[in-house]
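[1] Below is the structure, and that's it, no one-letter string:
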């Protein structure tokens with residue numbers, strides 16, 4: 001089964017069943033804001049959702065299978081935001097530095113908005129990439145397309161080279177931003193030991209130097 005064909009949750013057949021599913025999702029979101037996913041049990045989730053273990057397993061095979069469903073709901077909101085940026089012609093900027101800075105700031109704010117969920121999803125996605133919802137793949141491609149179009153219009157190298165560099169630096173910015181925001185206490189980030197403002201400033205400087213080099 002492909003990523004796009006994989007069912008994320010068993011669809012409810014009645015309004016009451018939908019309400020139970022909504023409570024499970026809301027409870028999981030609330031718990032993730034306070035505790036790490038590995039420290040949350042199904043018992044915790046069903047207690048917070050005021051439902052039963054049977055009701056949980058009627059919808060999900062395991063605690064882990066719940067994560068992509070919750071993530072997909074957030075993706076819908078993020079997709080709307082990036083669609084709006086695309087319709088406006090890309091990232092707001094007059095030059096390459098402005099485009100890169102806008103992308104770095106947007107990437108950081110998107111991570112911070114749902115840090116509690118993204119941290120759990122980052123670990124989950126590395127272990128189970130085949131279980132990621134199709135919306136995650138679609139959103140990433142949209143982000144790459146917007147960033148690439150915004151960067152390449154300010155670059156003065158052959159088109160194919162510009163696109164390759166733009167997509168590479170987009171990946172680098174997203175990856176480094178997530179590592180710094182989500183795993184800032186891990187040994188590598190702790191060794192770097194720079195605050196968010198400094199990190200983003202240096203990230204912009206690195207990206208611009210790479211994109212503008214001959």
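    Looks like it arrived, so ask away. These numbers come from a predicted model, not from an experiment.

[2] gap between stretch 179-198 and the chain center?
    Remark: stretch 179-198 is offset 18 Å from the chain centroid, using Cα atoms, centre = their mean, to the nearest Å.

[3] How about stretch 64-83?
    With Cα atoms, centre = their mean, you get 8 Å for stretch 64-83.

[4] Now do that stretch, average pLDDT.
    Mean pLDDT, stretch 64-83: 79.

[5] again, but for stretch 204-213
    The predicted model assigns stretch 204-213 a mean pLDDT of 97.

[6] what's the answer for stretch 93-108, then?
    For stretch 93-108, mean pLDDT rounds to 94.

[7] For it, give me every contacting residue.
    Applying Cβ atoms under 8 Å, 6 or more residues apart in numbering, the contact partners of stretch 93-108 are 90-92, 147, 150-151, 154-155, 169-170, 173-174, 177, 181, 196, 200, 203-204, 207-208, 211-212. C-beta: built from backbone N, CA, C; applies to glycine.

[8] from those residues, which would you call buried?
    Using 16 or more other Cβ atoms under 10 Å as the burial test, those include 90-91, 147, 150-151, 154-155, 169-170, 173-174, 177, 181, 200, 203-204, 207-208, 211-212 as buried.

[9] Where strands are concerned, which of the residues you listed count?
    Per DSSP state E, strands hold no members of these.
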